[in-house]
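1. Quick check, what structure comes out for this input:
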Amino acid sequence: MLKFELMKDAIVIIPTYNEIENIEAIILAVFAQEKQFDILVVDDNSPDQTASIVKSLQSQFPENLFLLEREEKTGLGSAYIAGFKWCLERDYSYIFEMDADFSHDPKDLERLYHACAIDDADLAIGSRYVKGVNVVNWPMSRVLLSFGASIYVRLITRMNIHDTTAGFVCYKREVLEAINLERIKFVGYAFQIEMKFKAYLKKFKIVEVPVIFTDRANGKSKMSSGIISEAIFGVISLKLGSLFKRHN
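-> Numbering: from 1, shown residues only. Model prediction:
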């Protein structure tokens with residue numbers, strides 16, 4: 001078992017839109033870890049009042065639970081960019097991406113932290129595909145789509161990353177400081193690819209930590225055909241852009 005000092009150096013960004021069925025449980029699960037993680041919930045004005053649950057919990061965790069409320073739903077990527085900027089204005093050394101729906105196991109946060117804080121990775125990815133296919137409760141069609149997309153991205157970008165669309169990630173703050181967040185253009189799955197590609201171009205050390213991804217039991221998936229199309233066609237534009245522009 002890993003032993004951690006009680007250091008306030010890590011924060012988990014959880015973007016939400018209509019996650020009232022999951023948000024309290026995921027917050028409590030993150031705070032139950034041996035390693036101390038703060039949490040920033042970025043809520044896109046959820047009609048189901050997800051933010052009200054977060055506010056009710058803030059009285060229990062006034063120093064560790066934060067809420068950033070946005071006026072409208074403008075995409076996962078823009079939610080994370082807002083969260084990154086908020087965290088970089090504070091003193092956090094390790095900044096995490098994590099879903100609210102328990103598809104990412106909070107117990108794996110410490111393993112991603114260890115990869116960056118102890119093993120000196122700059123970016124640690126909770127990877128579904130680095131050791132086979134570790135996905136639970138997905139239909140085969142979605143597994144094939146996701147796995148195939150990662151192979152496609154590797155072929156186009158030449159990144160040696162098995163799970164390029166993964167949304168369970170730990171960044172050292174230096175990575176986010178080096179990437180021009182104002183120029184990140186994608187909002188769906190392509191956002192996850194774009195962030196990894198920018199880090200790859202800047203030669204940061206990227207590692208994959210094997211995790212088991214479990215599809216949500218509660219709430220509704222935000223997957224759409226538009227998000228998939230953005231990922232497919234966005235990768236080509238990213239690669240072409242890297243050939244003709246400075247890396248920023």
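
2. can you tell me how far residue 239 sits from residue 129?
-> Distance of residue 239 to residue 129, computed by CB to CB, to the nearest Å: 20 Å. For glycine as for every other residue, the C-beta is placed from the backbone atoms N, C-alpha and C.

3. my bad, should have said residue 39
-> From residue 39 to residue 129 the distance is 27 Å (CB to CB).

4. Which of residue 239 and residue 129 has more residues huddled nearby?
-> Using other CB atoms under 10 Å as the criterion, residue 239 and residue 129 rank with residue 129 on top: 23 against 15.

5. so what's that one up against?
-> If a contact means CB atoms under 8 Å, 6 or more residues apart in numbering, then residue 129 has 147, 150, 162-163 as its contacts.

6. Just to be sure, it is in a helix?
-> No. Counting by DSSP: H, G, I helix; E, B strand; the rest coil, one finds residue 129 to be coil, located in no helix.

7. Any idea what the residue positioned nearest the centre of the chain is bridged to?
-> Nearest to the geometric centre of the chain sits residue 97, at 2.8 Å (CA atoms, centre = their mean). Bridge pairing for residue 97 (DSSP bridges) gives the partners residue 13, residue 169.

8. Was I right to think it contacts residue 168?
-> Yes. In this structure residue 97 lies within contact range of residue 168 using CB atoms under 8 Å: 6.5 Å.

9. Please name whichever of the contacts of residue 129 scores lowest on pLDDT.
-> In terms of pLDDT, residue 147 ranks lowest among the contacts of residue 129, with 76.

10. Spatially nearest residue to residue 78 (excluding sequence neighbours)?
-> residue 187 (5.7 Å; CB to CB, 6 or more residues apart in numbering).

11. That neighbour: helix or strand, and which one exactly?
-> Element membership of residue 187 [criterion: DSSP states H and E] is none; it lies in no helix or strand.

12. swap in residue 40?
-> Judged by DSSP H and E, residue 40 forms part of strand 38-43.
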